[in-house]
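Trainee: build me a model from this:
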Amino acid sequence: MICFLLTIQSLWTFVAASRQSHSAPDLNLVEKEHVSSLPRLDSSSSDDILRRIDAGSPFIIRSIANEWPATQKWNHNYFKRIFSSNDDLLVSSTFSTTPPPSTFSANETKKRETYYGIFLNDPILANLVAADYDLPSFIPGDWWLRGNEWLHWGWSPSGAQRHVDLMCSSRMSVQVRGQKRWKFYPLVNTSSTQYKDILKRWEGIVNSGDAVLWFPGWEHETKILGKDESVSLSLHFWPTGGTRYETHFASELAKRIPMKCQWKRG
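Mentor: Next up is the predicted model:
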C-alpha cells in the first residue's frame with residue numbers, strides 16, 4: 001500500500017526536469033500570439049462537453065460540485081484528522097524532498113507555504129473520502145479510471161509549477177473550495193484550421209464548485225488566489241476508442257509522453 005503526501009512544488013520540479021528534452025520551442029511565438037480565456041460550459045450541456053473532449057482543448061464546467069458534502073468538510077484540518085490516523089499508510093510512506101517537516105505537523109507559517117497533495121491510489125485512503133463526492137454523469141461511466149484520484153490543497157500564492165502530466169489519460173480537476181488560476185500551453189503543432197484551438201494558450205480562473213478539464217500533452221500551471229484555502233480533487237478518465245485530438249496527434253504526443261498509449265478510435 002503506497003501513499004504519497006508531498007509538497008507538489010518539489011514534485012513538479014522533478015517532472016519539469018525530466019521532460020526538458022521534450023519541450024516545443026517552436027511554439028513560443030504561437031503562445032504569445034494566441035492567449036484565450038478558457039471556455040465555460042454548464043454541466044447540463046452534455047453534448048457540448050463531449051464535443052469539446054473530442055476536440056482536445058481545455059475548458060471549464062460550472063457548478064458541478066456545489067452539492068457535494070466535500071464542500072462543507074474538506075480542508076487541511078479535516079485531512080489531518082482522517083489521514084493522520086492511518087500511520088501505517090502515511091507516516092512510513094511519506095515522500096518529501098524539500099524541506100521536511102513531517103506530514104501534517106508544520107507550523108502555521110510553513111503550512112501556508114506548502115501546496116499539499118495526496119494520491120488516493122490505496123483503497124483504504126480513497127474510501128475515507130468516497131462518500132463526499134459524486135462522479136459527474138456527463139462523463140460515461142466506463143471512461144473513469146478509478147484509483148488515480150489526487151487531492152490538492154493549500155493557500156495563496158502556492159500552486160503547481162508549469163509541467164506536463166506524463167500519462168495517457170485525460171484529467172478533470174474539481175475546485176471543491178477556494179479559487180485557482182490555471183494556465184495551459186500547447187505541446188503539439190498543427191497547420192489545420194480544424195485544430196486551431198490546439199495552438200492557443202488558455203487561461204482562466206476556476207471558482208469553487210467548478211471543474212477544469214484538460215487532455216494529454218497540455219502543459220499547465222496553477223496558482224491559488226484569494227485568502228481562502230484551496231481544495232481540489234483530480235479525476236482521471238480515458239474516452240473509449242480515443243478522441244479526434246488523440247488520434248490526430250498520436251505520433252506527436254508519443255514524443256512527449258513516455259508511456260505507451262493506445263489512442264485508437266473504434
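Trainee: on contacts alone, who are the packing partners of the helix or strand harbouring Phe83?
Mentor: Element membership for Phe83 (DSSP states H and E) is helix 76-84. Applying 3 or more C-beta pairs under 8 Å, 6 or more residues apart in numbering; DSSP states H and E, one finds that helix 76-84 makes contact with strand 116-119, helix 123-129, strand 150-154. Glycine gets a C-beta too; all of them are placed from N, C-alpha and C.
Trainee: for that helix, buried residues please.
Mentor: The neighbour-count check on helix 76-84 (16 or more other C-beta atoms under 10 Å) flags 76, 78-79, 83 as buried.
Trainee: ok, back up a step: among the helices and strands packed on helix 76-84, which is nearest Gly241?
Mentor: Each of the helices and strands packed on helix 76-84 has some distance to Gly241 by C-beta to C-beta; the shortest is strand 150-154, at 25.6 Å.
Trainee: state the mean pLDDT of that closest one.
Mentor: Strand 150-154 shows a mean pLDDT of 89.
Trainee: for the following helix or strand past it, packing partners?
Mentor: Toward the C-terminal end, the helix or strand that comes next after strand 150-154 (DSSP H and E) is strand 170-177. Helices and strands touching strand 170-177, as assessed by 3+ C-beta pairs under 8 Å, 6+ apart, comprise helix 70-73, strand 211-214, strand 230-237.
Trainee: can I get strand 170-177 in PDB? Just the C-alpha atoms.
Mentor: C-alpha atoms of strand 170-177 as PDB (Å, rounded to 0.1, in the frame of the first residue of the first chain):
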ATOM      1  CA  SER A 170      -7.400  13.000 -19.600                       C
ATOM      2  CA  ARG A 171      -7.900  14.900 -16.400                       C
ATOM      3  CA  MET A 172     -10.600  16.800 -14.500                       C
ATOM      4  CA  SER A 173      -9.800  19.000 -11.500                       C
ATOM      5  CA  VAL A 174     -12.800  19.900  -9.400                       C
ATOM      6  CA  GLN A 175     -12.300  23.000  -7.300                       C
ATOM      7  CA  VAL A 176     -14.000  22.000  -4.000                       C
ATOM      8  CA  ARG A 177     -13.100  25.100  -2.100                       C
END
